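Novice: Provide a 3D model corresponding to the input given below.
(one chain, ligands or ions: 2)
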Amino acid sequence: MKPGPSLMRHFLQFKDFRAEEYAYLFERTRIIKTRFKNYEKYQPLADRTLAMIFEKASTRTRVSFEAGMYQMGGSVVHLTTGDSQLGRAEPVEDSARVISRMVDLVMIRTYEQAKLEAFAAHSRVPVINGLTNEYHPCQILADIFTFIEHRGAIQGKVVAWVGDGNNMANTWLQAAEILGFTVHVSTPGGYEVDAARAGIRDHSCYKVFDHPLDACRDAHLVTTDVWTSMGYEAENEERRKAFVEWCVDEDMMAVAQPDALFMHCLPAHRGEEVTAEVIDGPQSVVWDEAENRMHVQKALMEYLLLGRIG
Ligand code: CP
Ligand code: NVA
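Specialist: Ligands and ions are numbered 1, 2, ... in the order given. Here you go, the predicted model:
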């Protein structure tokens, strides 16, 4: 049975959930991942359908949601702008009303957060943000789970963000405010993070550094992202010039904690935002990070559809 409106939750921004819900989700992720690694069948979502709507390209998000849903016994419908009426100007509200009468859960990757919010406001079923211009909460869920797996609690730790003040940076700030860690941010001028845009109230959860090396000093995790996000391709040349100093290299990793981790949501451009030595080096956990997208999202889908287990 679909959850009633009063029980229904969406995952549109990281701040939609509380710290204790994240503690629950990380514990469920650990259990679900262990079962998967032991080849134990776990299919609580039999007969449930996930619609995945992509208005931008994807490898990880599509594969992780699709494989995860099948593993949990459910099925998926994959829609893109090009092969649906979404690309022919059907209002997002109408699309939401129709799609959500036929499926149990919707994941959307789109441009403006406002479009995702409009879909959710007219949906009968939970909606998940699979990336917008503003936020990428499923990725940060995976990143923090990966940190916990490798190093334990993230509370009180320092995360260095080097690069664009983009959807990933905004979501890191939201996570820091909720989970009690600090983000050291270094971006080129003109690409800064902004508390209002990130949707945070507590400015003490982040500190800004002019130089990326200073942001990395004593960090427990160093992370970055592409210089040009999807949708901003027209700015590519301008950004390549502005970001040249914001390449995570071995000097930056050397001033971080000796056991600092390196993460990147991928896809990566070696020689731009990160050197090959760092992303392919011993401190990098990018492949675990990518795999964990699937495990955290299985826990997320279970939570949105079935609530707390046990
Ligand atoms: N990290 C991430 O969301 O990857 P995709 O764009 O391949 O889905
Ligand atoms: N910031 C990047 C992340 C890609 C997963 C983008 O929005 O394109």
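Novice: just the helices from the stretch 51-200 of the chain, written as ranges.
Specialist: 60-71, 92-99, 113-121, 137-151, 167-179, 195-198 (DSSP state H, counting those that start in this stretch).
Novice: for the shortest one, C-alpha coordinates in PDB please.
Specialist: Listed next in PDB are the C-alpha coordinates belonging to helix 195-198 (Å, rounded to 0.1, in the frame of the first residue of the first chain):
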ATOM      1  CA  ALA A 195      24.900  30.300   2.900                       C
ATOM      2  CA  ALA A 196      21.500  31.500   1.600                       C
ATOM      3  CA  ARG A 197      21.900  29.600  -1.700                       C
ATOM      4  CA  ALA A 198      23.100  26.500   0.100                       C
END
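Novice: flag every buried residue along that helix.
Specialist: Residues of helix 195-198 classed as buried by neighbour count (16 or more other Cβ atoms under 10 Å): residue 198. For glycine as for every other residue, the C-beta is placed from the backbone atoms N, C-alpha and C.
Novice: what's the helix or strand following it in contact with?
Specialist: Remark: after helix 195-198, the chain's next helix or strand is strand 206-208, criterion DSSP states H and E. For strand 206-208, the external contacting residues (Cβ atoms under 8 Å, 6 or more residues apart in numbering) are 173, 176, 182, 183, 184, 185, 186, 192, 193, 195, 200.
Novice: show the contacting residues for the last one.
Specialist: Translated: residue 200. Counting by Cβ under 8 Å, 6+ apart, residue 200 has contacts 15, 173, 174, 176, 177, 206.
Novice: how does it look with 6 Å?
Specialist: Counting by Cβ atoms under 6 Å, 6 or more residues apart in numbering, residue 200 touches 173, 174, 177.
Novice: highest neighbour count among the residues you listed?
Specialist: Neighbour counts for those peak at residue 173, which has 28 neighbours (criterion: other Cβ atoms under 10 Å).
Novice: so what pLDDT did it get?
Specialist: You'll see residue 173 listed with a pLDDT of 98.
Novice: from what I can see it touches residue 198, true?
Specialist: Yes. Using Cβ atoms under 6 Å, residue 173 is in contact with residue 198, at 4.2 Å.
Novice: who's the nearest residue to residue 214 once chain neighbours are set aside bridged to?
Specialist: Excluding the flanking residues, the one nearest residue 214 by Cβ to Cβ, 6 or more residues apart in numbering is residue 186, at 6.9 Å. Residue 186 has these beta-bridge partners by DSSP bridges: residue 162.
Novice: give the contact list for residue 186.
Specialist: By Cβ under 6 Å, 6+ apart, the neighbours of residue 186 are 162, 209, 212, 215.
Novice: let's see that with 7 Å instead.
Specialist: Listed by Cβ atoms under 7 Å, 6 or more residues apart in numbering, the contact partners of residue 186 are 162, 209, 210, 211, 212, 214, 215, 246.
Novice: can you pick the most crowded of these?
Specialist: Counting by other Cβ under 10 Å, residue 162 has the largest number of neighbours within the contacts of residue 186, with 29 neighbours.
Novice: residues in contact with that residue?
Specialist: 186, 212, 215, 216, 222, 224, 246, 248, 252.
Novice: of these, closest to residue 285?
Specialist: Set against residue 285, the nearest of the contacts of residue 162 by Cβ to Cβ is residue 222 (11.1 Å).
Novice: ligand 2 contacts on the stretch 151-300 of the chain?
Specialist: Residues of the stretch 151-300 of the chain lying near ligand 2 by Cβ under 6 Å from any ligand atom: 166, 167, 168, 225, 226, 229, 230, 265.
Novice: what about 8 Å?
Specialist: Contact residues, the stretch 151-300 of the chain versus ligand 2 (Cβ under 8 Å from any ligand atom): 164, 166-168, 225-226, 228-232, 265-267.
Novice: give me the buried subset of the residues you listed.
Specialist: Applying 16+ other Cβ under 10 Å to these flags 164, 166, 167, 168, 225, 226, 228, 229, 265, 266 as buried.
Novice: pretty sure the fifth one contacts residue 164?
Specialist: Yes. If you go by Cβ atoms under 7 Å, residue 225 and residue 164 touch, sitting 6.2 Å apart.
Novice: that older thread, now, the contacts of residue 186 that are in helices?
Specialist: 212, 214, 215 (DSSP state H).
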